[in-house]
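Novice: Provide a 3D model corresponding to the input given below.
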Amino acid sequence: MRRFKLSVGAALALGLAVLSVLTARSQGRTLEWRYFGGDKGFTRYSPADQINKDTVKNLRIAWRRPAMNPAFKEAFPGLRVNSYLRATPIMIDGMLYVQDVRGFVSAFDAGSGDLIWQQEPFARTEEELQAQSTRGVDYWRGSSDQRIFAVRGEYLYALNAKTGKPYADFGDHGRASLHFNENQPLAARFNDTTGPLVVGNVVIVTGNTAGAGDGGVIKEAAPEHVRGFDAKSGRLLWTFHVVPQAGEFGTDTWGNESWKVAGDIGAWNPMSADEQLGYVYIPLTAPTAAAYGGWRPGANLYSDALVALDAKTGRRIWHFQMIHHDLWEYDNVGPAILGDLRVNGRRIKAVVQPNKNGFLYVLNRLTGEPVWPIVERPVPPSLVPTEHAWPTQPFPTRPPAFDRQGVTEDDLIDFTPELRKEALDYVKPYVLGPLYTPPSIRSDAADGKKGTLTIPGAWGAGNWHTGAFDPETGMYYAVSLTLPGVRAVVATAGNSTATMDYAGPGPSGPTNEPGFVQGLGPQLHGLPIVKPPYGRITAFNLNTGDQAWMVANGDGPREHPLLKDLHLPPLGVPNRPAPLVTRTLLFLGEGSDAVIGTPQVSWGWGKIFRAYDKATGQVVWETELPSGTTGAPMTYIHKGKQFVVVPIGAKDHPAEFVALAVDGGRQTSAGGDGR
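Specialist: Presented below is the predicted three-dimensional model:
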C-alpha cells in the first residue's frame, strides 16, 4: 500500500511539473495541441492564456480555410461535399494536421492557414472518394520518421508528416484493412467517426458497422471489436472482443448463448489513454436493437461499459458497466476524461465517463473502483412479454446528474396556461415515469399508449461533445441537451424477416414519434414540451463531487412568437457544441443544423461563439461566426501568437476552419486555398 501511495503521489507531482512546463511555454512562443482532445487524457484543456478575460474582446478572424481544397475537388468531380465537418486539428511543430469533410488528411501552416500538403486518394474510385471525416488524426514519432495516422473508409492510413505520402511498408502499400473479418457472419462494412489513438508503438482503432444490425427487427449484428495495430508495419497485434466470445470472461452475461449473434457495442466516441500506465480507455455503447432484449437475458457485457485495456496487448485490466441489459440505447458518450483529483485529502488518478443518461461516473483509473459510491437501485420492471429487464441499475451518488432525467407532468412547459394545457394533452397517450422506465408496447387503439416518453431520449443528454476538464482546478464542464424521445416496441408476428419477438416500430428500431422533430421536441407550435434549459453547461468540482454552477448555452426559442413578449432568460440551444477550456475561459459555440436541426426548428442551432468565465459561467465575450460549429475547437500558440481554430459548417454553408486571434490578421476567402 505504501508503494501504491508513493507511485500515485509521484505521478501527480510529475503531472504538475509537466503542467508547469506547459504553462511556461504558453507564455513564450510555442504551445502545441498534440491530440484532437488536447492531450491523450482528452481534457480539451490548454494552459494558454494570451487570450484571456481582458484580451478576448479583441479576437478577430485571423484566417479561414475551406474543409475541402477547391483544387482537389476540381480534380475529383465525383466528390460530394458534406457540411458536417467532425474533425478537430492537431498542432505539432508549427503544422496543423486534420481531415477534410471526406476524410482526406491535410497539413497547413499554423500561422497562416496555407496548405502544405494534401493526401491523395489511394484509388480513384467512387467508393474511395465517398468516405467521411473522423473526429481527428494522431501523430507518431519513430526513430527515423514522423507519421500521421488517420482512419478513412475501411482503412488505417500511415502518412509521412512532412510530405503526406503513404509509407509503402505499412500494411498494403500505406494502409491497413479495418474490415471486420473475425467471426462476422454478416456483410458488415467497417465505419468510424472517431479516429485512431496512438499509445507507444500501437495504433488503436475502434469503429462501428454500416449495413448490418440496424436496430430494426433483426437481432444478429457484427460485434464492433477494438483492435491494436503496429505503428511501423500496420500488422494487427491484438483484438478485444466487445461481445465476449467462447471461453472468454463475460459470456455468461448473455443468456441463451445470445453472445453468438449479438453485435454492435462499438466505441463511436473518442478514446483516451494514460501513457504512463499504458492503459487505453474505451467507452462502449448499447447492443443491437436496444429497445427489446428478450432474446439476450442477462447484464450483457461489455455493453455500456467503460473498459480499460493494456495498450500493448489488448488485455482487459478492468471494466465498469454503467447500464445493465440496456433497453434505452444509453451509450457511454463523450470521451473518458482523465484527471488527478484530491478527494477527502486523498490523491486519486481518476477517469470521468459521461453517459447519455445524464450521469457522470467518476472512477479510479488504475482499478475501476468508484471514487464516490455508485449504488444499485431498483428500477421499474418491463411489462413487455418475454422481456427480462434488469431489476437494478447503478446510480452515482456524486456528482449529481448534469441534465434532466425522467418525465413527470411537473416537467412540462408552463410558459402560459394555454401551452401548459397543450403539453398535458400531448403526453396523455404516453407512459411517463422516472429514469429507466422501460419501453412499452405501442397500441393503435384510440385509448391505448403510444410508448414510453423518456428523457433523455435515444440521442442522450450527453453525446460526443460532452466534457472538458481543468487539471488546475479539478473542474469538469458537462455540455448537454434536453431532448425527449419515445421508446416503444411492437410485436413482430407476421414479419418474415424478423428474428425477435418485438422490435421498435420505426424502420430503424428505436424511434421518435412523427410529432418529434429529430429529437428537438413535439411540434407544439415548434416548441418543446418540457421546461428549459434545452442546452446547458454544468460545472462540477470533482474534488468534492458538487455542482458549482449551471447556465443555459444560447437563447433557444425565447424569441418564438408565443414567448417573445414574456421577457424570458436564455433558454438554451439543444445541439452538440464541444467545449474548449483555457487558463481563464471556456469557449463554446451553439452547434449546427448539419449536426442537429430541421427547418421546423430554426432555433435548434446558431452561429454565436462565446467565451464564458470558467469560474462563474458568466458570458464575457461573444461573436457571430460565418456558420455554426460542427466539431470541437482547439487552441495553440505559434510564433508567440495564440490562435483558436473552430470547425464550422451548415446545410447552407460549406464546411471550413476559422482561426481567431487577438486583433485578427489576414483573412482568406472561404472559397480560397489559404495561399
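
Novice: Show me what the residue lying closest to residue 159 once chain neighbours are set aside is bridged to.
Specialist: Leaving out its chain neighbours, the residue that sits closest to residue 159 by CB to CB, 6 or more residues apart in numbering is residue 148, at 4.6 Å. (C-beta placed from N, C-alpha, C; glycine too.) When bridges are called by DSSP bridges, residue 148 pairs up with residue 139, residue 159.

Novice: SS state for residue 425?
Specialist: Assigned by DSSP: H, G, I helix; E, B strand; the rest coil, the conformation of residue 425 is helix.

Novice: Just give me the neighbour total for it.
Specialist: Number of residues near residue 425 (other CB atoms under 10 Å) recorded here: 10.

Novice: State the distance from the residue nearest to residue 159 to residue 160.
Specialist: The spacing between residue 148 and residue 160, counted by CB to CB, to the nearest Å, is 8 Å.

Novice: repeat for residue 611
Specialist: Shown here: residue 611 relative to residue 160, a distance of 37 Å by CB to CB.

Novice: of these two, who's got more company?
Specialist: Neighbours were counted for residue 611 and for residue 160 using other CB under 10 Å; residue 611 has more, 24 against 16.

Novice: show me what contacts the more buried one?
Specialist: Contacts here follow CB atoms under 8 Å, 6 or more residues apart in numbering; on that basis residue 611 touches 56, 585, 586, 587, 619, 620, 621, 622.

Novice: change it to 7 Å
Specialist: The neighbours of residue 611, taking CB atoms under 7 Å, 6 or more residues apart in numbering as the test, are 56, 585, 587, 620, 621.

Novice: So which residues of the stretch 401-550 of the chain form strands?
Specialist: Along the stretch 401-550 of the chain, the stretches classed as strands by DSSP state E, counting those that start in this stretch are 430-431, 440-441, 451-454, 468-470, 475-481, 485-491, 502-503, 535-541, 546-552.

Novice: Now distance to residue 567, mean pLDDT and mean neighbour count too, for these, in JSON lines please.
Specialist: Formatted as JSON lines, the strands of the stretch 401-550 of the chain follow (distance: least, CB to CB, whole Å; pLDDT from 0 to 100; neighbours: other CB atoms under 10 Å):
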{"stretch": "strand 430-431", "distance to residue 567": "32", "mean pLDDT": "94", "mean neighbour count": "21"}
{"stretch": "strand 440-441", "distance to residue 567": "39", "mean pLDDT": "96", "mean neighbour count": "22"}
{"stretch": "strand 451-454", "distance to residue 567": "30", "mean pLDDT": "93", "mean neighbour count": "27"}
{"stretch": "strand 468-470", "distance to residue 567": "32", "mean pLDDT": "98", "mean neighbour count": "26"}
{"stretch": "strand 475-481", "distance to residue 567": "24", "mean pLDDT": "97", "mean neighbour count": "28"}
{"stretch": "strand 485-491", "distance to residue 567": "31", "mean pLDDT": "92", "mean neighbour count": "23"}
{"stretch": "strand 502-503", "distance to residue 567": "47", "mean pLDDT": "94", "mean neighbour count": "24"}
{"stretch": "strand 535-541", "distance to residue 567": "20", "mean pLDDT": "98", "mean neighbour count": "24"}
{"stretch": "strand 546-552", "distance to residue 567": "15", "mean pLDDT": "98", "mean neighbour count": "17"}
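
Novice: Out of those strands, flag the one nearest residue 132.
Specialist: Comparison of the strands of the stretch 401-550 of the chain against residue 132 by CB to CB identifies strand 475-481 as nearest, at 22.6 Å.

Novice: Can you report how many residues lie near residue 343?
Specialist: Burial measure for residue 343: 17 neighbouring residues, criterion other CB under 10 Å.

Novice: Bridged to it, which residues?
Specialist: Under the criterion DSSP bridges, residue 343 forms beta bridges with residue 346.

Novice: Could you verify my assumption that it touches residue 371?
Specialist: Yes - counting by CB atoms under 7 Å, residue 343 does reach residue 371; the two are 5.9 Å apart.

Novice: before we move on, the earlier item: for residue 629, find the nearest of the strands of the stretch 401-550 of the chain.
Specialist: Of all those, strand 475-481 sits nearest to residue 629, with 11.3 Å by CB to CB.

Novice: low-scoring pLDDT stretches of the stretch 401-550 of the chain, where are they?
Specialist: Applying pLDDT under 70 to the stretch 401-550 of the chain flags residues 506-523.

Novice: those helices in it, which residues are they?
Specialist: Taking DSSP state H, counting those that start in this stretch, the helices of the stretch 401-550 of the chain run over residues 417-427.

Novice: that older thread, and the contacts of residue 611, which two are furthest apart?
Specialist: Between all members of the contacts of residue 611, the longest pairwise span (CB to CB) is found for 587 and 620 and amounts to 10.6 Å.
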